[in-house]
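1. got a predicted structure here, sequence first:
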Amino acid sequence: MARVTAETLSRKQREISVSEFFAKNRHLLGFDSLRKALLTTVKEAVDNSLDACEEAGILPEIRVELEAARGANRYLVRVTDNGPGIVPEQAPRIFGQLLYGSKFHSLKQSRGQQGIGISAAAMYGQLTTGKPVSVESRTGPEAPAYAMQVMIDTNTNKPKAIGRRNLPDWHLDHGTLVEVELEAKYLKGRQSVEEFLHQVAVANPHVTLHYRSPNGDTDSWARTVERNPTAPREIKPHPHGVELGVLMKMLQSSRHKTVTQFLSRDFSRISPQLAGGLAKRAGIKAKARPNTVARQAADALYKAINDSKTRIRPPSTDCLSPIGVQELLAGLTRGVRAEFYGVETRKPAVYRGNPFQVEVGLAWGGDLAGDELAKVLRFANRVPLQYYAGSCCITKAVMDVSWRTYGLTQSRGALPSGPLIVLVHLASVWVPFSSESKVAVADYDEIRKEIKLAVQTCGRRLGQYVKRKARARSEARRREVFNLYIDEVVNSVEAITGKEQKLFRERLLAISRRKTELAGMLEEAKGAAGEDLETCENVLVVDPDAAPPAADAAVAAPANGKDGPPEDEAPDEVLPAEGLEPLDDLPPPLPTEPERDPGSQLELV
């Protein structure tokens with residue numbers, strides 16, 4: 001066999017297209033199984049629709065339709081939104097070119113980040129069925145609606161538009177319809193399309209969703225908030241989040257005339273005075289042109305920026321748009337029937353110079369299964385994360401919490417057991433996903449710490465409620481024992497005296513009630529815990545046997561400016577614990593009189 005020469009090897013080398021790479025490694029994008037491929041396609045289309053509607057200031061209304069196509073394991077995914085629409089010239093590149101988008105270089109919170117999602121779904125459909133993605137859109141009532149099909153040339157990562165035509169009778173004034181035929185598998189249950197859409201409704205209470213399954217079953221989630229989230233603002237990079245190579249690239253491409261202008265205008269939180277001081281410490285002239293700074297000088301500037309003596313304020317947080325306390329309560333009560341709801345929003349923090357904020361919600365009791373592990377709902381920038389929970393920073397942070405402190409059972413290194421749902425939302429300008437499929441959050445210490453602290457705050461409130469309820473059950477059992485002995489004592493006295501001892505029985509029952517009074521026990525628990533759950537705006541306690549709580553009531557802010565309910569409304573009724581007989585069935589309390597020995601009240605009639 002002839003020896004291969006370097007010249008022979010060089011002739012075999014060629015450039016690899018990014019779409020060709022992902023076509024061979026589609027598992028990196030979330031298309032590693034038929035069932036996951038269906039969910040990923042729906043997720044990417046819904047994310048695009050939500051981002052477009054929110055950026056245009058339109059309350060989103062999205063319709064998701066799944067339809068069985070001809071052939072085994074083939075489905076049509078059709079997603080329609082009422083967003084601003086797509087300019088016809090941009091549609092081929094949006095759906096037929098990987099790494100093309102508007103959010104990769106933008107430092108503000110958004111669902112999409114890499115410019116891969118929907119085009120990757122279109123590419124997967126093309127690879128498995130040979131069919132292009134179909135697009136219909138209109139940008140306004142006066143603009144003509146159009147339809148086209150788009151294919152991807154995986155060798156060059158270039159789109160190809162096919163058969164563009166106008167639609168004179170399109171049914172929406174503005175919006176977009178996307179249809180992808182792909183090889184997939186439809187199953188209900190966990191990690192299904194239905195579960196994903198329900199979680200979208202929980203984290204996005206301003207959205208109306210309509211859904212039709214391949215079986216013809218329909219479902220809808222009406223919006224419970226009549227306003228879009230606060231639009232995040234784009235910020236400039238923070239110097240603590242920039243690495244040396246990125247700093248050198250920014251210096252070379254900067255259009256500013258001096259280094260001080262470059263530092264103060266291309267970065268956030270650096271004033272002209274601080275910029276001059278950093279340049280001086282790095283040995284760079286303040287009026288030097290940025291593109292003349294050598295590598296050694298750039299390294300000195302990088303060290304000056306990250307020196308412990310350099311005080312640079314954290315980045316601005318108006319680039320974030322968290323769900324909000326009341327909106328999160330409204331989302332939790334949307335399809336989750338529990339008796340205790342608690343939420344907590346942490347103050348914004350920073351990792352690698354990127355602002356982020358953590359929100360946590362708990363739902364406990366009610367219709368939730370009590371013999372299973374707690375369910376963790378993970379969200380990143382309002383998008384549900386369905387896979388790889390074990391390797392996600394969110395799950396690890398929840399398991400780090402000592403749940404036994406709050407009255408729940410927990411095995412070592414596991415989630416707690418009981419009727420519990422833990423919702424964690426991470427909002428950031430750049431979510432550190434562990435892979436391109438965006439299904440799990442990378443394990444950064446700063447993020448893990450903030451999640452744990454927020455969960456612990458909610459856990460303390462839940463522990464207060466769980467322990468209060470356990471004590472109420474204990475008092476109920478005590479009362480039952482007292483009542484059994486009361487019957488025996490009264491029957492014996494009647495046998496001895498030969499007279500009916502009705503008043504004697506009522507007085508014994510009154511003493512039993514006073515000794516095991518639920519209301520007194522609750523007041524004592526409130527005082528011991530130091531926080532009144534009934535007036536805390538982060539907590540909602542409901543009767544699990546009553547109708548589901550009205551979501552609009554959870555969204556409405558207190559009318560009197562206080563944390564408690566409005567003055568013209570009564571607070572939520574505190575109900576007796578399970579097994580405790582209603583107070584109305586007991587005799588009225590004895591008239592108020594000086595405290596004395598209970599035995600003196602047991603005079604026979």
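-> On my side now, so go ahead. Residues are numbered from 1 along each chain as shown.

2. quick one: secondary structure of residue 240?
-> helix (DSSP: H, G, I helix; E, B strand; the rest coil).

3. separation between the residue nearest to it when sequence neighbours are not counted and residue 394?
-> Nearest residue to residue 240, sequence neighbours excluded (CB to CB, 6 or more residues apart in numbering): residue 353, at 4.2 Å. For the C-beta atoms, the positions are set from N, CA and C on the backbone; glycine is no exception. As for residue 353, its distance to residue 394 is 21 Å (criterion: CB to CB, to the nearest Å).

4. so the residue nearest to residue 240 makes contact with residue 235?
-> No: contact status for residue 353 versus residue 235: not in contact, 10.5 Å apart, counting by CB atoms under 8 Å.

5. find the residues that touch each one of these two.
-> residue 315 (CB atoms under 8 Å, 6 or more residues apart in numbering).

6. point out where the stretch 251-400 of the chain drops to low pLDDT.
-> For the stretch 251-400 of the chain, applying pLDDT under 70 flags the ranges 335.

7. can you pick out the residue with more neighbours from residue 353 and residue 394?
-> residue 394 (28 against 21; other CB atoms under 10 Å).

8. list the buried residues in the helix or strand where the more buried one lies.
-> Using DSSP states H and E, residue 394 sits within helix 393-400. In terms of neighbour count (16 or more other CB atoms under 10 Å), helix 393-400 has its buried residues at 393, 394, 395, 396, 397, 398, 399.

9. got it, and stretch 327-347?
-> Quick answer for stretch 327-347 (16+ other CB under 10 Å): 327-334, 336-346.

10. what separates that stretch from the chain centre, distance-wise?
-> Taking CA atoms, centre = their mean, to the nearest Å, the mean C-alpha location of stretch 327-347 is offset from the chain mean by 11 Å.

11. between the two ends of that stretch, what distance do you get?
-> Separation of the first and last residues of stretch 327-347 by CA to CA, to the nearest Å is 17 Å.

12. now swap in stretch 72-86 and tell me
-> 33 Å.

13. what do you get for stretch 430-440?
-> Stretch 430-440 has its terminal residues 13 Å apart, counting by CA to CA.

14. what mean pLDDT does that stretch have?
-> The average pLDDT within stretch 430-440 is 86.

15. now do the buried residues in that stretch.
-> Within stretch 430-440, the residues that count as buried by 16+ other CB under 10 Å are 430, 431, 432, 433, 436, 437, 438, 439, 440.

16. do the same with stretch 441-461
-> Buried residues in stretch 441-461, defined by neighbour count with 16+ other CB under 10 Å: 441, 447-459, 461.

17. before we move on, what about stretch 360-375?
-> Buried, per 16+ other CB under 10 Å, within stretch 360-375: 360, 361, 362, 363, 364, 365, 366, 368, 374, 375.

18. what do you get for stretch 398-414?
-> 398, 399, 401, 403, 406, 407, 408, 410.

19. out of the helices and strands in the chain, which is least certain?
-> helix 551-555 (a mean of 43; mean pLDDT, DSSP states H and E).

20. quick check on the nearest residue to residue 538 once chain neighbours are set aside: phi, psi?
-> Distance criterion CB to CB, 6+ apart; nearest residue to residue 538, sequence neighbours excluded, is residue 343 at 5.3 Å. The phi/psi pair for residue 343 (degrees, to the nearest 10) reads phi -130, psi 160.

21. beta partners for residue 343?
-> residue 361 (DSSP bridges).

22. quick check: it touching residue 462?
-> No: look at residue 343 against residue 462 with CB under 8 Å: they stay out of range, at 11.2 Å.

23. hey, what's in contact with both of those two?
-> With CB under 8 Å, 6+ apart as the test, residue 343 and residue 462 both reach residue 362.

24. got the contact list for the closest residue to residue 306 other than its chain neighbours?
-> With CB to CB, 6+ apart as the criterion, residue 306 has its nearest non-adjacent residue at 6.7 Å, and that residue is residue 240. Contacts for residue 240 were tallied using CB under 8 Å, 6+ apart; they are 305, 306, 312, 350, 352, 353.

25. excluding chain neighbours, what is closest to the fifth one?
-> Here the nearest residue to residue 352 in space, its sequence neighbours aside, is residue 241; by CB to CB, 6+ apart that works out to 4.7 Å.

26. could you check how far that neighbour is from residue 284?
-> Taking CB to CB, one finds residue 241 at 21 Å from residue 284.

27. and those two? which has more neighbours close in?
-> residue 284 (23 against 19).

28. was I right to think the more buried one contacts residue 294?
-> No: at 9.5 Å, residue 284 does not count as touching residue 294 under the criterion of CB under 8 Å.

29. report the set of residues contacting both of those two.
-> Applying CB under 8 Å, 6+ apart, one finds that no residue jointly contacts residue 284 and residue 294.

30. if we can go back for a sec, so which elements touch the helix holding residue 394?
-> With contacts taken as 3 or more CB pairs under 8 Å, 6 or more residues apart in numbering; DSSP states H and E, helix 393-400 sits against strand 375-380, strand 420-428, helix 445-497.

31. strand partners (parallel or antiparallel) of the shortest one?
-> If I follow you right, that is strand 375-380. Sheet pairing here is set by DSSP bridges, and for strand 375-380 it gives strand 383-385 (antiparallel), strand 420-428 (parallel).

32. what residues of the first one count as buried?
-> I take that to be strand 383-385. For strand 383-385, a neighbour-count test (16+ other CB under 10 Å) marks 383, 384, 385 as buried.

33. just send the residues you listed back as CSV, with distance to residue 24 too.
-> Below are the buried residues of strand 383-385 laid out as CSV (distance: CB to CB, whole Å):
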residue, distance to residue 24
383, 26
384, 28
385, 25
